[in-house]
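what's the 3D shape of this:
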Amino acid sequence: MLGHLSICVRDLPAATRFYDAVLAPIGWIRVWTGANGLGYGPPGGDEKLNVFVHADAHPPGPGFHLCFNARSDAEVDAFHAAARANGGTDNGAPGLRPHYGPDYYAAFVVDPEGWKLEALHKASWD
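Residues are numbered from 1 along each chain as shown. Purely as a prediction, here's the structure:
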């Protein structure tokens, strides 16, 4: 099992605004803040996503994306809306993706620096 993931961005203040807004709907908060980065995870827990600043940062190529588990379809919808309202672009509107499974409800966005993100909920998790 993964302990955490770290990504790098060129504009940390913009990334902070984006990830604060986008991760809140799925129940994650900023769990630490430093001069060169920040971390997100569940309240009272360790970071699961670290965001660091680096002048040469760029996201990886095709095929890579980060997927966040949501507790409901409504959280997926809110994740997508928050991303679009905070500089992200739509990469797949919220909805069922039956080609991935009968209850695979997801939304896809790209953050302001090009990182591909997904929020996912499966009714079978309830």
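
which secondary structure state is assigned to Cys8?
strand (DSSP: H, G, I helix; E, B strand; the rest coil).

tally of neighbours for it?
Cys8: 20 surrounding residues under other CB atoms under 10 Å. All C-beta atoms are positioned from the backbone trio N, CA, C, and that covers glycine.

my read: it touches Phe52, true?
Yes - Cys8 sits in contact with Phe52 when judged by CB atoms under 8 Å, with a separation of 5.0 Å.

what pLDDT is listed against the residue nearest to Thr16 when sequence neighbours are not counted?
Leaving out its chain neighbours, the residue that sits closest to Thr16 by CB to CB, 6 or more residues apart in numbering is Leu38, at 6.1 Å. Looking at Leu38, its pLDDT stands at 97.

tabulate the CA atom coordinates of the helix or strand containing Leu38 in PDB.
Assessed by DSSP states H and E, Leu38 sits inside strand 37-41. Extracted C-alpha coordinates of strand 37-41, given in PDB (Å, rounded to 0.1, in the frame of the first residue of the first chain):
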ATOM      1  CA  GLY A  37       5.300  22.700   0.100                       C
ATOM      2  CA  LEU A  38       2.200  21.400   1.800                       C
ATOM      3  CA  GLY A  39       0.500  18.100   2.500                       C
ATOM      4  CA  TYR A  40      -3.100  16.900   2.300                       C
ATOM      5  CA  GLY A  41      -4.900  14.000   3.900                       C
END
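
what sits against His80?
Shown in contact with His80 (CB atoms under 8 Å, 6 or more residues apart in numbering): Asp90, Ala93, Pro94, Ala107, Val109, Ala119.

now, which of those residues sits nearest Ala24?
For those, the minimum distance to Ala24 (CB to CB) is 11.8 Å, reached by Ala119.

quick revisit: mark which of the contacts of His80 are part of strands, please.
Asp90, Ala93, Pro94, Ala107, Val109, Ala119 (DSSP state E).

export those residues to JSON lines and tack on neighbour count?
Shown next, in JSON lines, are the ones in strands among the contacts of His80 (neighbours: other CB atoms under 10 Å):
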{"residue": "Asp90", "neighbour count": "13"}
{"residue": "Ala93", "neighbour count": "12"}
{"residue": "Pro94", "neighbour count": "21"}
{"residue": "Ala107", "neighbour count": "27"}
{"residue": "Val109", "neighbour count": "25"}
{"residue": "Ala119", "neighbour count": "28"}
